[in-house]
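Enquirer: Have a look; sequence and predicted model below, questions after that.
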Amino acid sequence: MATAAAQATEALHQHSWSRRQRAQQLQEPHEPLEQPHQHCQRTADLHASTDIQATVARLGDELTALRECLVSQGVLSLEAFLAQLHRQRFEQVRRQHPCDWGSFLDVMQCGGVRLATSRFIGPETAAMLGAVSQPASSALRPVLAALRLAFTKIYVCSSEAGLPGSAERYDPSQGEWQSLPDMPRRRCEAVVATVGNHLYLCGGQDGREVLKSVDRFDTATASWEELPPMTQARWNAHGAVVLGKVYVCGGSNGAEPVRSAERFDPSTATWELLPPMPVPRSGGAGAVLCGRIHVGAGVDGRHPLASASRFDPQSMSWEAIPSMSSARADAASAVLGGFWYVCGGRNEVGCVLNSVERFDPAAAAWEVLPPMSQRRWGSAVAATAGCLFVCGGDDGREPLSTAERFSPGKRTWEHMPAMLQRRSGASMAVSADRVYVCGGRCGNRLLSTVESLDPEKAAWEAVPSMSQGRFRGMAVALAR
């Protein structure tokens, strides 16, 4: 009987729960059942969307193929096409987010405010603003040169016999030199390289031994830092910077030229040994073109070299490139317009050269150019204002004060006014298109004098002298 009562009670609970559940279901809203015609419409919309996406993808492929065909046939310039596409996209964004330049341009008409504003945002930001906006470019153009001048400083450092390793910097906008902390050690004829606001000095010699030590100067904090040494001591090597890494190639270990090469990664503060160069080379000329390091000329320990080679950081390999028309040591070298220029120097028998040639990386060939008006070695060279400037040096008898420039468009050399001082082994830097020549030697005299050339005025001007004389010093211009 107890069992029957329990079963009855359980049945009563189940019946009550079922009634409550049905009542709750009646109170809750129900999703309407999809009608057959609605299901068909949704399926059709899905198929239509898929067809549209497929059509858009097909049209994109066809347009890409059409563009490539037109470019390959020379009908369309890819650069012009991409530029026009960028303009259209930029205009679309500009319409969606309109900007009123009126008040900005009104303010920028005032020269003092314009320069103060440009100094505040910095030269890089000002240049970018001018690049994306024609109105801003017109407003900023008058101050960009002054802005570069205000931000650029010329750094020089070297160590002469009996003198400590010193450094100083010149502010062109103020017309004065500022003393910097002494170099951690005496060092001359080292590799000098710049990465960001850091100046690297690698190797060289101190008058007693060849160095493998490395020092770095921070222009922001005006302080020196000792870095891990290179794997090999070397001086008179070639240095380069590619993608933020410092490369040091060849040079002499004090006894003979070497083939070894290595690179420093600032992000890891480590040196990595690279494949050796095809031939030992010291005192060579070099350039970075198309992301590859080119090295040529110099000496192999016995003779000047005409050979040249280049290193590809991507494939981590060296390849020989055609030799120059003349073997040359102590030549002047610079990059202008994507070409590597090599000027003057001394040949196998010690004769001073006036010959000039340039390397075209696209054609992988040297081109002999009109010779300079004067034979010279140990000259200072720089590329600016679309021309190549070669100043001073030695003709084999005496130091020179003469200067000349080469115009690639005219393919001619033009006499420039003579410098105020004869000098050989001077260092050169460029700031706001103005050429600065620092130090050097005149006979046995070590020079501390500095002069600058304004290419437009074609006139040399005396600049305040450095604190000490410097021969084959290291000079660089940094926008810091």
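Expert: Received, thanks. Just so it is clear, the model here is predicted, and its values are computed rather than measured.

Enquirer: nearest spatial neighbour of residue 372, skipping sequence neighbours?
Expert: residue 354 (4.5 Å; CB to CB, 6 or more residues apart in numbering). In this view, the C-beta of every residue, glycine as well, is placed from N, C-alpha and C.

Enquirer: was I right about that neighbour contacting residue 371?
Expert: Yes. Look at residue 354 against residue 371 with CB atoms under 8 Å: they come within range, at 4.4 Å.

Enquirer: thinking again about what came up before, quick check: the residue nearest to residue 372 vs residue 381, distance?
Expert: 14 Å (CB to CB, to the nearest Å).

Enquirer: Settle it for me: which of the two has more neighbours?
Expert: Using other CB atoms under 10 Å as the criterion, residue 354 and residue 381 rank with residue 381 on top: 23 against 17.

Enquirer: Name the residues of the strand or helix carrying residue 405 that are buried.
Expert: According to DSSP states H and E, residue 405 maps onto strand 403-407. Residues 403-406 are the ones in strand 403-407 that count as buried (16 or more other CB atoms under 10 Å).

Enquirer: Check which helices and strands that strand sits against.
Expert: Using 3 or more CB pairs under 8 Å, 6 or more residues apart in numbering; DSSP states H and E, the elements in contact with strand 403-407 are strand 387-391, strand 412-416.

Enquirer: Show me what counts as buried in the helix or strand just after the last one.
Expert: Just to be clear, that refers to strand 412-416. Downstream of strand 412-416, the first helix or strand assigned by DSSP H and E is strand 427-431. Residues of strand 427-431 classed as buried: 427-431 (neighbour count, 16+ other CB under 10 Å).

Enquirer: quick one: which of those residues is nearest residue 164?
Expert: residue 427 (18.3 Å; CB to CB).

Enquirer: Not counting residues beside it along the chain, what's closest to that closest one?
Expert: Residue 427's closest residue in space is residue 475 (CB to CB, 6+ apart), at 3.6 Å.

Enquirer: now that neighbour, what's its secondary structure?
Expert: Counting by DSSP: H, G, I helix; E, B strand; the rest coil, the backbone at residue 475 sits in strand.

Enquirer: just residue 273 next, same as before
Expert: Here residue 273 is recorded as strand under three-state DSSP.

Enquirer: State the distance from it to residue 365.
Expert: The spacing between residue 273 and residue 365, counted by CB to CB, is 31 Å.

Enquirer: Over to residue 202?
Expert: Separation of residue 202 from residue 365 (CB to CB): 31 Å.

Enquirer: Neighbour count: the two, which is higher?
Expert: When neighbours are counted by other CB under 10 Å, residue 202 and residue 365 differ, and residue 202 comes out ahead with 29 against 11.

Enquirer: Angles on the backbone of the more buried one, please.
Expert: Taking degrees, to the nearest 10, you get phi -120, psi 120 for the backbone angles of residue 202.

Enquirer: pretty sure it is touching residue 247, no?
Expert: No. In this structure, residue 202 is not within contact of residue 247 by CB under 8 Å, at 9.7 Å.

Enquirer: what residues are shared contacts of those two?
Expert: residue 239 (CB atoms under 8 Å, 6 or more residues apart in numbering).

Enquirer: quick one, domains of the chain?
Expert: Domains of the chain are assigned by automatic domain parsing as 102-151, 184-331.

Enquirer: which stretch of helix or strand covers the nearest residue to residue 446 once chain neighbours are set aside?
Expert: Among residues not flanking residue 446 along the chain, residue 469 sits closest, at 3.3 Å (CB to CB, 6+ apart). Per DSSP H and E, residue 469 falls between elements, in no helix or strand.

Enquirer: if I read this right, residue 469 contacts residue 442, doesn't it?
Expert: No. Using CB under 8 Å, residue 469 is not in contact with residue 442; the gap is 10.2 Å.

Enquirer: how long is stretch 193-210 from one end to the other?
Expert: The straight-line separation of the ends of stretch 193-210 (CA to CA, to the nearest Å) is 19 Å.

Enquirer: Now find how far off-centre it is within its chain.
Expert: In terms of CA atoms, centre = their mean, to the nearest Å, the centre of stretch 193-210 is found 19 Å from the chain centre.

Enquirer: Could you pull out the buried residues of it?
Expert: The neighbour-count criterion (16+ other CB under 10 Å) identifies 193-194, 198-206, 210 as the buried residues of stretch 193-210.

Enquirer: now stretch 436-446
Expert: By 16+ other CB under 10 Å, the buried positions in stretch 436-446 come out as 436-442, 446.

Enquirer: And for stretch 352-366?
Expert: Across stretch 352-366, burial judged by 16+ other CB under 10 Å covers 352-359, 361, 366.

Enquirer: can you name the two of those that are farthest apart?
Expert: The span of the buried residues of stretch 352-366, defined through CB to CB, is set by 352 and 361 at 28.1 Å.

Enquirer: follow-up on the earlier one: the strand holding residue 405 pairs with which strands?
Expert: Sheet pairing of strand 403-407 (DSSP bridges) gives strand 387-391 (antiparallel), strand 412-416 (antiparallel).

Enquirer: pLDDT below threshold where in this protein?
Expert: Applying pLDDT under 70 to the chain flags the ranges 1-39, 99-115, 117-124, 126-127, 129-150, 160-163, 479-480.

Enquirer: for it, what spans make up the helices?
Expert: Assigned by DSSP state H, the chain shows helices spanning 2-27, 36-72, 78-96, 102-108, 111-121, 123-132, 134-151.

Enquirer: still on that earlier bit, what's around the residue nearest to residue 446, how many residues?
Expert: Residue 469 has 18 neighbours, counted by other CB under 10 Å.

Enquirer: which residues does it contact?
Expert: Here residue 469 is in contact with 160, 439, 445-448 (CB under 8 Å, 6+ apart).

Enquirer: Could you measure from it over to residue 206?
Expert: Between residue 469 and residue 206 the distance is 17 Å, computed by CB to CB.

Enquirer: now do residue 61
Expert: Per CB to CB, residue 61 is found 64 Å from residue 206.

Enquirer: Nearest residue to residue 461 in space, ignoring adjacent ones along the chain?
Expert: Excluding its sequence neighbours, the residue lying closest to residue 461 (CB to CB, 6+ apart) is residue 452, at 5.4 Å.

Enquirer: And for residue 380?
Expert: Nearest residue to residue 380, sequence neighbours excluded (CB to CB, 6+ apart): residue 428, at 3.8 Å.
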